[in-house]
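Turn this into a model:
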Amino acid sequence: MALKDLVKRFALVEKEKFPDGPLKHFSYGTAGFRDRADLLDCVIFRSSLISSLRSICARATIGIVITASHNPEEDNGVKFVDTLGEMLIPEWEEIATNLGNMRQEKLEELAVSVIDQYDIETTDYKPSIVIARDTRPSGERLKQTLIDGMNLLGTKYIDFGYLTTPQLHYIVKCTNTKGQYGVPTEEGYYIKISKAFSAIMPKISHDEVKPKLKLDGANGVGADRVKSLMSHIGDIVDIQVYNDGTTGKLNYMCGADFVKASQVAPNGLRFGPGDTCVSFDGDADRIVFFYFNEDEKQFKLLDGDKIACLMALFIKGSLQKIQVELDMSVIQTAYANGSSTRYLTDVLHIPVTFAKTGVKYLQRKAQEFDIGIFFEANGHGTVLYSDKTISVINDAIKNNKLDAAGKEAARVLLHFIDLTNQTTGDAIADMLLVQVILSRKKWTCTEWDGLYRDLPNRQVKVKVSDRQLITTTDAERQCVTPNGLQDSINELVSKVPHGRSFVRPSGTEDVVRVYAEAETQELADDLAIKVSHKVYELANGVGDLPKL
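Below you'll find the predicted structure:
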């Protein structure tokens with residue numbers, strides 16, 4: 001059957017199955033399509049059409065993950081994984097949004113216009129999709145809805161069942177590189193990273209204690225995947241898994257988002273002095289660390305900024321031993337703590353490049369460098385290495401003029417790269433990378449945390465009549481409109497030790513987000529409120545004046 005005929009059949013069946021069409025407007029962005037699970041059936045059905053068309057256009061396999069990441073268990077969503085394991089390209093984000101929301105009577109017409117735009121009506125390529133999902137109760141129903149649509153379109157698919165989001169990203173890249181990146185299965189993922197991890201973890205002598213991690217699995221899909229990984233790693237490290245989904249609720253009072261936002265340990269995990277603790281989010285693409293600081297007698301968080309700085313320290317040190325120079329940068333957003341930026345630029349002398357908020361913007365910017373390290377403060381991130389970088393390191397191993405320490409650094413760095421999931425932020429891989437660095441440096445979390453001291457900060461939301469009144473530039477760090485607002489922010493910041501503040505409009509609601517940091521929490525709070533009041537005054541604030 002011709003492609004346009006398949007689309008016609010698809011549109012007719014959809015009208016029977018979902019006579020009301022999409023139950024709300026969905027925008028496809030970094031989070032994919034995401035909302036309450038009971039609102040998603042129609043847009044999930046259409047996701048089979050979107051992914052099939054994208055697969056034909058790219059003549060490659062596309063991935064679909066049914067997940068809502070760190071959202072509550074009642075929510076769900078869908079994310080598309082593009083041809084090399086990256087997020088969906090911007091051009092197709094727009095197509096996805098349009099197809100996901102089009103009125104039923106116009107759906108066939110819009111889909112046909114995409115077919116004509118890309119001239120794929122007569123293609124001989126059969127669309128190919130790989131599917132996975134997290135552990136939400138609604139996932140099985142939504143997956144079947146997706147498969148029903150694929151069957152109507154004649155799309156080939158492989159259902160991998162429960163996987164973390166990064167694992168499916170990995171599988172897509174392996175599939176489309178014909179196995180050059182690894183074996184495109186869950187087992188292949190474990191084999192690749194366990195081999196790299198084992199190759200560079202220091203050997204433990206009989207009088208040393210094996211590294212131990214306490215993992216908060218957010219009652220999500222990552223918990224059982226780590227248990228599967230442990231059978232490949234063996235006894236190199238002891239990972240104790242808590243909040244594994246056997247009793248608790250997904251992301252409720254646990255998980256990376258909860259731990260970072262609340263600055264407390266998750267329910268279900270007791271910890272004390274000497275413990276290194278880790279939290280994943282619901283689909284295991286975010287990670288944060290935490291520990292109990294004995295000197296300060298309090299919980300301490302090690303977030304995405306701290307992870308990025310640790311990675312940068314290790315990679316820069318390795319390159320110095322190898323005696324090579326490569327174009328390296330750490331990519332941050334305006335939300336990165338100012339102390340982390342100063343540590344990178346003033347201590348490590350590594351350039352920092354800023355990108356708009358949203359991991360997709362960081363990843364695209366990181367691709368411009370030989371080595372691009374990107375992490376959002378929420379713990380979502382990874383490191384990208386160019387082909388040139390890998391070639392240079394391989395050449396170093398063969399360089400007879402390089403001393404033994406340099407050759408060993410090159411060997412370790414190659415395995416470190418293999419351990420890295422370069423397709424997207426991966427909590428499992430990032431956890432092991434951090435453990436490698438800490439073990440090789442013989443550091444605890446206390447030494448890691450001592451790289452720099454986070455400046456206290458505060459975030460405030462200001463309700464406005466129209467968020468579009470606020471426009472920004474310089475990766476959202478400078479406000480362009482309304483006139484006078486940036487000048488007012490500059491004046492307020494100039495009076496505060498280590499002060500910094502910026503404002504940016506929400507992407508989903510008529511709210512302006514205000515960020516402020518300063519030498520003390522009291523000063524940060526005061527700066528945030530003063531800037532918020534300026535936003536309220538100059539950007540048509542509504543309701544009560546902002547307050548903490």
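
So what does the residue nearest the centre of the chain have for phi and psi?
In the chain, the centroid-proximal residue (Cα atoms, centre = their mean) is residue 380; its distance is 3.5 Å. Note on residue 380: its backbone torsions stand at phi -100, psi 120 [degrees, to the nearest 10].

list the contacts for it?
Contacts here follow Cβ atoms under 8 Å, 6 or more residues apart in numbering; on that basis residue 380 touches 285, 286, 304, 359, 425. Backbone N, C-alpha and C define where each C-beta goes, glycine included.

now residue 354
Contacts of residue 354 by Cβ under 8 Å, 6+ apart are 331, 332, 333, 334, 474, 475, 477.

go again using 6 Å as the cut-off
By Cβ atoms under 6 Å, 6 or more residues apart in numbering, the contact list for residue 354 reads 332, 475.

partners of it in the sheet?
With DSSP bridges as the criterion, residue 354 is bridged to residue 332.

pLDDT value on it, please?
Note for residue 354: predicted pLDDT of 97.

chain center to stretch 11-22, what's the gap?
Distance, stretch centre to chain centre, for stretch 11-22: 33 Å (Cα atoms, centre = their mean, to the nearest Å).

go on, stretch 253-260?
Distance of stretch 253-260 from its chain centroid, counting by Cα atoms, centre = their mean, is 15 Å.

pLDDT of it, averaged?
96.

ditto for stretch 285-296
On average, stretch 285-296 scores 92.

do the same with stretch 86-102
96.

Name the residues of that stretch that are buried.
86-89, 92-93, 95-102 (16 or more other Cβ atoms under 10 Å).

Tabulate these in CSV, adding columns for secondary structure and distance to residue 256.
What follows is the buried residues of stretch 86-102, written out as CSV (DSSP: H, G, I helix; E, B strand; the rest coil; distance: Cβ to Cβ, whole Å):
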residue, secondary structure, distance to residue 256
86, coil, 22
87, strand, 19
88, coil, 23
89, coil, 27
92, helix, 28
93, helix, 25
95, helix, 31
96, helix, 26
97, helix, 27
98, helix, 33
99, helix, 32
100, helix, 28
101, helix, 31
102, coil, 35
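
Looking at those residues, which is nearest residue 206?
residue 86 (45.0 Å; Cβ to Cβ).

Can you tell me, leaving aside adjacent residues, what's nearest to residue 291?
In space, and not counting its chain neighbours, residue 291 is closest to residue 445: 3.8 Å by Cβ to Cβ, 6 or more residues apart in numbering.

What is the burial count for that neighbour?
By the criterion of other Cβ atoms under 10 Å, residue 445 has 21 neighbours.

next one: the one 3 residues further on
Each residue near residue 448 was counted by other Cβ under 10 Å, and the total is 21.

Could you do residue 343 as well?
Other residues close to residue 343 by other Cβ under 10 Å number 23.

likewise residue 480?
Residue 480 has 12 nearby residues by other Cβ under 10 Å.

how near is the nearest residue to it once chain neighbours are set aside to residue 335?
Among residues not flanking residue 480 along the chain, residue 471 sits closest, at 4.6 Å (Cβ to Cβ, 6+ apart). Residue 471 sits 18 Å away from residue 335, going by Cβ to Cβ, to the nearest Å.

Neighbour count for these two, which is higher?
Remark: of residue 471 and residue 335, residue 335 carries more neighbours, 19 against 13, as counted by other Cβ under 10 Å.

Give the bridge partners for residue 541, please.
In beta-bridge terms (that is, DSSP bridges), residue 541 pairs with residue 464.

Compute the distance between it and residue 491, please.
Taken as Cβ to Cβ, the span from residue 541 to residue 491 is 19 Å.

Residue 545 now?
Taking Cβ to Cβ as the measure, residue 545 falls 19 Å from residue 491.

and what of residue 122?
63 Å.

Comparing those two, which shows the higher neighbour count?
residue 491 (11 against 8).

Which of the three states applies to that one?
Here residue 491 takes the helix state, with states given by DSSP: H, G, I helix; E, B strand; the rest coil.

which other helices and strands contact the host helix or strand of residue 168?
Assessed by DSSP states H and E, residue 168 sits inside helix 165-176. Contact analysis of helix 165-176 by 3 or more Cβ pairs under 6 Å, 6 or more residues apart in numbering; DSSP states H and E lists strand 62-66, strand 75-81 as its packing neighbours.

ok, then the element right after that helix?
helix 186-200.

What are the buried residues along that following helix?
Quick answer for helix 186-200 (16+ other Cβ under 10 Å): 186, 188, 189, 190, 192, 193, 194, 196, 197, 200.

cool, and stretch 203-218?
Neighbour-count burial for stretch 203-218 flags 211, 213, 214, 215, 216, 217, 218 (criterion: 16+ other Cβ under 10 Å).

just how off-centre is that stretch within its chain?
Worked out by Cα atoms, centre = their mean, stretch 203-218 lies 26 Å from the chain centre.

quick revisit: ok, for the residue nearest to the centre of the chain, nearest residue in space, not its chain neighbours?
In space, residue 380 is closest to residue 425, 4.1 Å off (Cβ to Cβ, 6+ apart).

okay but that neighbour is in contact with residue 285, surely?
Yes. Residue 425 is in contact with residue 285 according to Cβ atoms under 6 Å; the separation is 4.8 Å.

With neighbour numbers in mind, choose between the two.
For residue 425 versus residue 285, the count of surrounding residues by other Cβ under 10 Å is larger for residue 285: 31 against 28.

residues contacting that one?
165, 166, 380, 425.

Tell me which stretches of the stretch 401-548 of the chain form strands.
457-463, 471-473, 478-481, 500-505, 511-517 (DSSP state E, counting those that start in this stretch).

Determine the set of other helices and strands touching the third one.
Using 3+ Cβ pairs under 6 Å, 6+ apart as the contact criterion, the neighbours of strand 478-481 among helices and strands are strand 471-473, helix 485-494.

looking at those, which is buried most?
Of all the helices and strands packed on strand 478-481, helix 485-494 carries the top mean neighbour count, a mean of 16, counting by mean count of other Cβ atoms under 10 Å.

Measure how that one sits relative to strand 500-505, angle-wise.
Counting by axes from the mean of the first three to the mean of the last three Cα atoms, to 10 degrees, helix 485-494 lies at 150 degrees to strand 500-505.

Distance-wise, check the residue nearest to residue 417 when sequence neighbours are not counted relative to residue 327.
Excluding its sequence neighbours, the residue lying closest to residue 417 (Cβ to Cβ, 6+ apart) is residue 385, at 5.3 Å. Residue 385 sits 11 Å away from residue 327, going by Cβ to Cβ.

tell me which element residue 20 is part of?
For residue 20, there is no helix or strand it lies in under DSSP H and E.

how about the residue lying closest to it once chain neighbours are set aside, phi and psi?
Using Cβ to Cβ, 6+ apart and skipping the chain neighbours, the partner closest in space to residue 20 is residue 42 (7.7 Å). Phi and psi for residue 42, reported as degrees, to the nearest 10, are phi -70, psi -40.

For residue 42, list the residues it contacts.
Contacts of residue 42 (Cβ under 6 Å, 6+ apart): 18, 21, 22.

What does residue 546 show for phi and psi?
According to degrees, to the nearest 10, residue 546 has phi -60, psi 140.

Please report the distance of it from residue 483.
From residue 546 to residue 483 the distance is 21 Å (Cβ to Cβ).

now residue 218
From residue 218 to residue 483 the distance is 44 Å (Cβ to Cβ).

Same question for residue 358.
27 Å.

One more: residue 178?
Counting by Cβ to Cβ, the gap from residue 178 to residue 483 is 55 Å.

sorry, back to before: among residue 385 and residue 327, which residue is more densely surrounded?
For residue 385 and residue 327, the more surrounded residue by other Cβ under 10 Å is residue 385, and the numbers stand at 23 against 13.

Specify the beta-bridge partners of the more buried one.
Applying DSSP bridges to residue 385 gives these bridge partners: residue 371.
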